[in-house]
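In: turn this into a model:
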Amino acid sequence: MRTFEYHLFVNKHQAHLLMECLKETRLIYNEMLESVKAQYEGKGTFPSKYDLETAFKGQGAHVPATTVQMLADRLNKSLKRFLAAKQNTIPGVGFPRFKKPNRWHSIQLRQYGKDCYLHEDKKHLIVPKKLGHFLKIKLHRPIEGTPKAVHLVLRADGHWYALIVCETEPRTQHLPSTCEHPDIGIDVGLKSFLSDSDGHTVENPRFYRTSQKTLRRKQRQLCRREKGSHRRRKAAHNAAKTHLKINRQRRDHHFKTAKPYAEGYHRIVVEDLAIRNMVKNHHLAKSIMDASWGAFLDILEDKAARAGHQVIRVSPRFTSQKCHQCGEIVQKSQSVRTHVCPFCGYVADRDVNAAKNILVKARAWPSDAKHPDGDVSLRSPSL
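Out: Residues are numbered from 1 along each chain as shown. Below is the predicted model:
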């Protein structure tokens, strides 16, 4: 499944209908959740999504019928995640919460082709009349695969976007068995965003850090405003626009960095980092979240799979301390940026040495490259 995002150009009447639908769907979802909590507290059971659909069918003057079905399905999935996390004692997953206006930004349509479809002129998206019927859309890229559902999303910049979810067939540029591209190891960090085993580095852009001065000014302005006032909502919207810009900058950087590695190398070897545990270090948490290694590695895996290549994750144990040339352990603190081996005299950048060790691990354990040294280490990577 792939999602394609397109910009919608709506007029004032259509924008009003979409906003009314957005408000009503949030209220319906909260009412569904309230009924679920009442039944859980009284009987200890949860209603099925079909029971919720029947109970709330026809509610909302601006809400299509399929959107009510999607709300019930959304709440049902949240309950399943909560029960699974409770059974497996997974931290960070709690009972579904009531949604505030600043946490509700999308309208979901279930069936593409019936409830929503693209007009023949390729310039308009046909949606239910309750939502404006003809929405002008800009197809800046062709749709691939078979569309299944559509989400109408209101971003912080004040514009509406159509997210078309498509079912795509797995396609690769070539078979992995016939690939002639070389292998490469990648070590992610904070001083440089990544370093590879060929000796190349990518600078860390630090988008959040560079925008902190602007965010500080906008957030202080927000705190000065009276709660519940129009000026406070306006200030909150202004701060959200800056966060949206940072997110778009970071995502654009991830895609541009991942493309040459995904298309130019057969096996891309990276560390299997426990990022959730690493951000518990409050001295490094902000920088780790700013770099967003997890999102980058997910993008890299997706692009590599479509190119017929593979991303392999290995244990990060001793990748920065071990000498690539002789294999001896050379202890060094995070402030030491150059690897100097006292045993063989090998000198290299700390991150490049780690990237070479990462690549060696995948070649040494091709059948089980994920954990060649046992359990995944929870240490910080080469920063």
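
In: next, count neighbours for E263.
Out: By other CB atoms under 10 Å, the residues close to E263 number 15. C-betas here are computed from N, CA, C, even on glycine.

In: which stretches in the protein count as helices?
Out: In the chain, the helices defined using DSSP state H lie at 12-43, 49-55, 65-88, 207-210, 212-224, 230-264, 275-278, 285-291, 293-306, 350-364.

In: list the helices and strands the third one packs on?
Out: Pointing back at helix 65-88 there. When contacts are defined as 3 or more CB pairs under 8 Å, 6 or more residues apart in numbering; DSSP states H and E, helix 65-88 packs onto helix 12-43, helix 49-55, strand 106-109.

In: picking that back up, out of the helices of the chain, nearest to P170?
Out: helix 293-306 (7.7 Å; CB to CB).

In: buried ones in stretch 39-56?
Out: Neighbour-count burial for stretch 39-56 flags F46, P47, K49, L52, E53, F56 (criterion: 16 or more other CB atoms under 10 Å).

In: average pLDDT for that stretch?
Out: Averaging pLDDT along stretch 39-56 gives 88.

In: what's the span of it, first residue to last?
Out: From its first residue to its last, stretch 39-56 covers 15 Å (CA to CA, to the nearest Å).

In: returning to that earlier point: redo the helices and strands packed on helix 65-88 as JSON lines? Include distance to H266.
Out: Below are the helices and strands packed on helix 65-88 laid out as JSON lines (distance: least, CB to CB, whole Å):
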{"stretch": "helix 12-43", "distance to H266": "46"}
{"stretch": "helix 49-55", "distance to H266": "44"}
{"stretch": "strand 106-109", "distance to H266": "38"}
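
In: quick revisit: got CSV for the buried residues of stretch 39-56, with distance to T210 too?
Out: Converted to CSV, the buried residues of stretch 39-56 look like this (distance: CB to CB, whole Å):
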residue, distance to T210
F46, 46
P47, 48
K49, 44
L52, 45
E53, 47
F56, 46
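
In: of the helices of the chain, which stretch is the most buried?
Out: Mean neighbour counts were compared across those using mean count of other CB atoms under 10 Å; the top stretch is helix 350-364, at a mean of 23.

In: start to end distance for stretch 111-123?
Out: With CA to CA, one end of stretch 111-123 sits 20 Å from the other.

In: contacts for that stretch, please.
Out: 64, 66, 109, 124-128, 134, 136-139, 143, 147-150, 164-165 (CB atoms under 8 Å, 6 or more residues apart in numbering).

In: is there a quick PyMOL command that grabs whichever of the residues you listed are buried?
Out: Buried residues within the contacts of stretch 111-123, by 16+ other CB under 10 Å, are selected in PyMOL with:
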select buried, resi 64+66+109+124+125+126+127+128+137+143+147+149+150+164+165
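
In: can I get the helices of the chain in a markdown table with distance to T172?
Out: Compiled in a markdown table, the helices of the chain are given as follows (distance: least, CB to CB, whole Å):
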| stretch | distance to T172 |
| --- | --- |
| helix 12-43 | 39 |
| helix 49-55 | 36 |
| helix 65-88 | 30 |
| helix 207-210 | 32 |
| helix 212-224 | 41 |
| helix 230-264 | 11 |
| helix 275-278 | 28 |
| helix 285-291 | 29 |
| helix 293-306 | 6 |
| helix 350-364 | 20 |
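
In: go through these and name the closest to G189.
Out: Here helix 350-364 is closest among the helices of the chain (CB to CB), at 5.5 Å.

In: average pLDDT across that closest one?
Out: 87.

In: check stretch 160-175 too.
Out: Averaging pLDDT residue by residue across stretch 160-175 gives 83.

In: then stretch 185-197?
Out: 91.

In: that stretch: how far from the chain's middle?
Out: 20 Å (CA atoms, centre = their mean, to the nearest Å).

In: and what of stretch 146-153?
Out: 18 Å.

In: next: stretch 310-321.
Out: 22 Å.

In: ditto for stretch 329-336
Out: For stretch 329-336 - counting by CA atoms, centre = their mean - the centre lies 33 Å from the chain centre.

In: over to stretch 175-194?
Out: The answer for stretch 175-194 is 21 Å, by CA atoms, centre = their mean.

In: can you list the domains in the protein?
Out: 2-167, 176-364 (automatic domain parsing).

In: can you give me the end-to-end distance of the first one?
Out: What it means is domain 2-167. 6 Å.

In: L22 against Q108, yeah?
Out: No - if you go by CB atoms under 8 Å, L22 and Q108 don't touch, sitting 11.0 Å apart.

In: what sits closest to Y265 if chain neighbours are left out?
Out: In this structure, Y265 finds its nearest non-sequential neighbour in I184, 4.5 Å apart by CB to CB, 6 or more residues apart in numbering.

In: which residues touch the one you found?
Out: Each residue near I184 by CB under 8 Å, 6+ apart is listed here: D196, S197, D198, Y261, Y265, R267, I268, V269, A355, L359.

In: I appreciate the help and will end here.
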